[in-house]
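A.B. asks: Model the following, please.
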Amino acid sequence: MRPCVRKQRPPFSPWLAAALLELLVPSNPPSRCNGSRSDRRMNTTAPPLEPHAIERLREVELEEARAIQSVMLPAEPLHAGAVMISHEFQPVTAVGGDFLDYFELTDGSIGLYLGDVSGKGLPAALYAALAVGTLRGVHKTGTLPSDVLATLNRRLMIRGMPRRHAAIQYAVFDPRSHEVRIASAGMPGPFHLSAKGCQMLELSGIPPGLFAGTSYEMLTLRLEPGDSVFFCTDGLPDAFDRRGKQFGIARLQGLFCAEPVASPAELLGRVFAALQSFSRGCQQHDDMAAALFHYSC
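C.D. replies: Numbers count the residues shown, from 1 in each chain. Coordinates of the predicted model:
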């Protein structure tokens, strides 16, 4: 039997985005035209960097970017009353365009978002930092997930960054009503896991950052004790093996229907172990991020 659903429509500082930007744009770039005569003389006499030194500098900058990006991820699983949330994040490069967070709101509700910006590497990480900074400024108590996505879209459009957008899922769980409200745009699922099986919830929307004035639908799902909701970016079902065959939604759902697990972290471990076994070391093209929300009673 399908679950009854109704369709409706923690602080982050901008310095994180600025810090990432500094890794891409030097604060004092060299110039052939500016500077004093002595400066130019020093530039012409300075020995050029060896290729291995340039590569090492690049590696150091990427590691710094990874450290900064880690601040935008949850430091540990969340345990709040009957709710447990865990996550897994595997970027293709040192930094990636997937982002996620979960948190308690002032009224006791639990919020969660998971996103995937277009592209990868440092440019994608910059855009992800912008999206996270915006989200942490608008996810206030009482704000509907659909309104959060609409606000995110509006603010990203104001930035006017072409060829960039952010697919995202945003959810808020009310422990009093046992209902979770979800808005989604450009992402697979999410998946409702219950004693009755696994159902891929039907939600669609245009990723924020593409078109002005976009509105978003919202789904309300009442959870029973033992239910879970699995959120993931498309890097999971789109993972491929050496023959180019994709992991796929069906194989992902099959993992949820296997024997029960003790915790969200254990189920996430099962999923990512299966992905690793399937790909057999084949280098993937997309970041992978997932979060599992579990309601115990």
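A.B. asks: And stretch 171-185, how far out from the chain middle?
C.D. replies: Offset of stretch 171-185 from its chain centre (C-alpha atoms, centre = their mean, to the nearest Å): 18 Å.
A.B. asks: correction: stretch 204-224
C.D. replies: Relative to its parent chain, stretch 204-224 has a centroid offset of 16 Å by C-alpha atoms, centre = their mean.
A.B. asks: how about it: buried residues?
C.D. replies: Going by neighbour count (16 or more other C-beta atoms under 10 Å), the buried part of stretch 204-224 is 205-210, 214, 216-221, 223. No exception for glycine: its C-beta is placed from N, CA and C like everyone else's.
A.B. asks: For residue 102, state which of the residues you listed is nearest.
C.D. replies: Using C-beta to C-beta, residue 223 is the member of the buried residues of stretch 204-224 that sits closest to residue 102, with 15.4 Å.
A.B. asks: what's the distance between the closest one and residue 292?
C.D. replies: Plainly put, residue 223 is 13 Å away from residue 292 if you go by C-beta to C-beta, to the nearest Å.
A.B. asks: shared neighbours of those two, which are they?
C.D. replies: residue 229 (C-beta atoms under 8 Å, 6 or more residues apart in numbering).
A.B. asks: Angles on the backbone of residue 243, please.
C.D. replies: Torsion angles at residue 243 (phi, psi; degrees, to the nearest 10) stand at phi -90, psi 0.
A.B. asks: Tell me who's in contact with the residue lying closest to residue 203 once chain neighbours are set aside.
C.D. replies: Spatial nearest neighbour of residue 203, chain neighbours left out: residue 184 (3.8 Å); criterion: C-beta to C-beta, 6 or more residues apart in numbering. For residue 184, the contact set (C-beta under 8 Å, 6+ apart) comprises 168-170, 190, 201, 203-205, 216, 219.
A.B. asks: Next step: these restricted to helices.
C.D. replies: Of those, none are assigned to helices by DSSP state H.
A.B. asks: For residue 159, state which of those is nearest.
C.D. replies: Among those, and counting by C-beta to C-beta, the member closest to residue 159 is residue 168, at 15.5 Å.
A.B. asks: Test of understanding: give the bridge partners of that closest one.
C.D. replies: Beta-bridge pairing for residue 168 (DSSP bridges): residue 115, residue 185.
A.B. asks: go on, the one 5 residues further on?
C.D. replies: Here residue 173 sits in beta bridges with residue 110, residue 180, going by DSSP bridges.
A.B. asks: Just the ones of the buried residues of stretch 204-224 in strands?
C.D. replies: If you go by DSSP state E, those have 218-221 in strands.
A.B. asks: Helices of the stretch 151-297 of the chain, start to end?
C.D. replies: 249-256, 264-279 (DSSP state H, counting those that start in this stretch).
A.B. asks: Turn those helices into CSV, columns for mean pLDDT and mean neighbour count.
C.D. replies: Shown next, in CSV, are the helices of the stretch 151-297 of the chain (pLDDT from 0 to 100; neighbours: other C-beta atoms under 10 Å):
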stretch, mean pLDDT, mean neighbour count
helix 249-256, 91, 16
helix 264-279, 92, 16
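A.B. asks: just so I know, which of the ones you listed lies nearest residue 90?
C.D. replies: Closest approach to residue 90 among these (C-beta to C-beta): helix 264-279, 7.1 Å.
A.B. asks: just how off-centre is that closest one within its chain?
C.D. replies: For helix 264-279, the gap between its own C-alpha mean and the chain's C-alpha mean amounts to 18 Å (C-alpha atoms, centre = their mean).
A.B. asks: Tell me the span between the first and last residue of stretch 203-220.
C.D. replies: End-to-end span of stretch 203-220 (C-alpha to C-alpha, to the nearest Å): 11 Å.
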